[in-house]
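Colleague: Need coordinates for the below:
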Amino acid sequence: MKAIWRGQVIAESERTLEVDGYRYFPRDTVRMELLSKAAKTPRDLECPHGVQFYDVGESQRAAWSYEAPQAKMKSIDRWIGFWEDVEVR
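Modeller: Numbering: from 1, shown residues only. You can find the predicted model right below:
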């Protein structure tokens with residue numbers, strides 16, 4: 001699987017996991033230098049899994065990770081999910 005932003009591969013792995021309809025990539029397969037932490041909103045702070053959103057270039061909050069997941073999301077602890085401007089295929 002690949003995560004592609006504006007024609008550029010930003011993540012690639014054969015070990016992705018799908019959880020609740022979203023595909024997650026192991027952090028070591030993501031080009032983290034292309035992501036920057038987004039400021040947490042009050043809603044982010046309410047997330048029971050410790051969500052951290054990331055901007056991908058000019059695409060705000062186009063990636064996220066659960067930094068303190070509860071049991072349901074433990075399999076993707078600190079893995080990166082993508083949406084909106086990032087194509088996953």
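Colleague: Can you find which strand in this structure contains the most residues?
Modeller: Determined from DSSP state E, the single longest strand within the chain is strand 59-66.
Colleague: Could I get the average pLDDT for the helix or strand following that one?
Modeller: Next helix or strand after strand 59-66 toward the C-terminus (DSSP states H and E): strand 80-82. The average pLDDT for strand 80-82 rounds to 98.
Colleague: what comes up buried for the helix or strand following strand 80-82?
Modeller: Remark: after strand 80-82, the chain's next helix or strand is strand 86-88, criterion DSSP H and E. Neighbour-count burial for strand 86-88 flags 86, 88 (criterion: 16 or more other CB atoms under 10 Å). Glycine gets a C-beta too; all of them are placed from N, C-alpha and C.
Colleague: What helices and strands are in contact with strand 86-88?
Modeller: Judged by 3 or more CB pairs under 8 Å, 6 or more residues apart in numbering; DSSP states H and E, the packing partners of strand 86-88 are strand 2-5, strand 59-66.
Colleague: Other residues contacting it?
Modeller: Around strand 86-88, the neighbours that count as contacts under CB atoms under 8 Å, 6 or more residues apart in numbering are 1-5, 10, 23, 56, 59, 62-63, 82.
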